[in-house]
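>>> here's my sequence, what's the structure:
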Amino acid sequence: MEKEVLCDSIKKLDKSIRFVGLINDKGHLDAGGMITGKKTLEDTKKDEMLYMELALRVRMRQEFDSELGPVKFAMSYRDKVIVMSFPIGKDILLVSAEKDLGFATFPFEALKIIEQYRK
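Below you'll find the predicted structure:
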């Protein structure tokens, strides 16, 4: 599965999704983006900072992989959105969604699609 196909597949999982993007280990957006018709909550410069910070945070979490096992996903529940990250090799799938997203089930549906992407 190619990167854009992966992002499109995740976008289709729920109408609450605002953004799906594949971020590389340097913090740059390689595929995906905002859902058509949704407005970004931050400016482009802050997007770049968010991506770089996310890449750093994922690398830092990997320091504990040998003791705790690898991270499958991480989630932040914020006042305005839910943000999730899914490490995929050296890349990170970043998803933001409205707060009405079914966050108890969505990440596991996304992991099924990610698993197909890895094959």
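
>>> grab the most central residue of the chain for me.
In the chain, the C-alpha nearest the mean C-alpha coordinate belongs to residue 94, at 1.6 Å (CA atoms, centre = their mean).

>>> now do the residue lying closest to residue 28 once chain neighbours are set aside against residue 19, distance only.
Counting by CB to CB, 6 or more residues apart in numbering, residue 51 is the residue found nearest to residue 28 once chain neighbours are left out, at 6.5 Å. Glycine gets a C-beta too; all of them are placed from N, C-alpha and C. Going from residue 51 to residue 19 by CB to CB, to the nearest Å gives 11 Å.

>>> quickly list what's touching both of the two.
residue 94 (CB atoms under 8 Å, 6 or more residues apart in numbering).

>>> if we can go back for a sec, who's in contact with the residue nearest to residue 28?
21, 23, 27, 28, 29, 94.

>>> and those residues, which of them are in strands?
Cross-referencing the contacts of residue 51 against strands under DSSP state E gives 21, 23, 29, 94.

>>> contacting residues for the last one?
Looking back up the chat, that one is residue 94. 19, 20, 21, 22, 23, 51, 54, 83, 84, 85.

>>> could you find the closest non-adjacent residue to the third one?
For residue 21, the nearest residue in space outside its immediate sequence neighbours is residue 32; the separation is 3.8 Å by CB to CB, 6+ apart.

>>> for that neighbour, helix, strand, or coil?
strand (DSSP: H, G, I helix; E, B strand; the rest coil).

>>> so what's the residue count around it?
Residue crowding around residue 32 was assessed by other CB atoms under 10 Å; the count is 21.

>>> quick check: angle from the helix ranked longest in the chain to strand 29-34?
Ranked by number of residues, the top helix in the chain under DSSP state H is helix 44-61. Interaxial angle, helix 44-61 versus strand 29-34 (axes from the mean of the first three to the mean of the last three CA atoms, to 10 degrees): 120 degrees.
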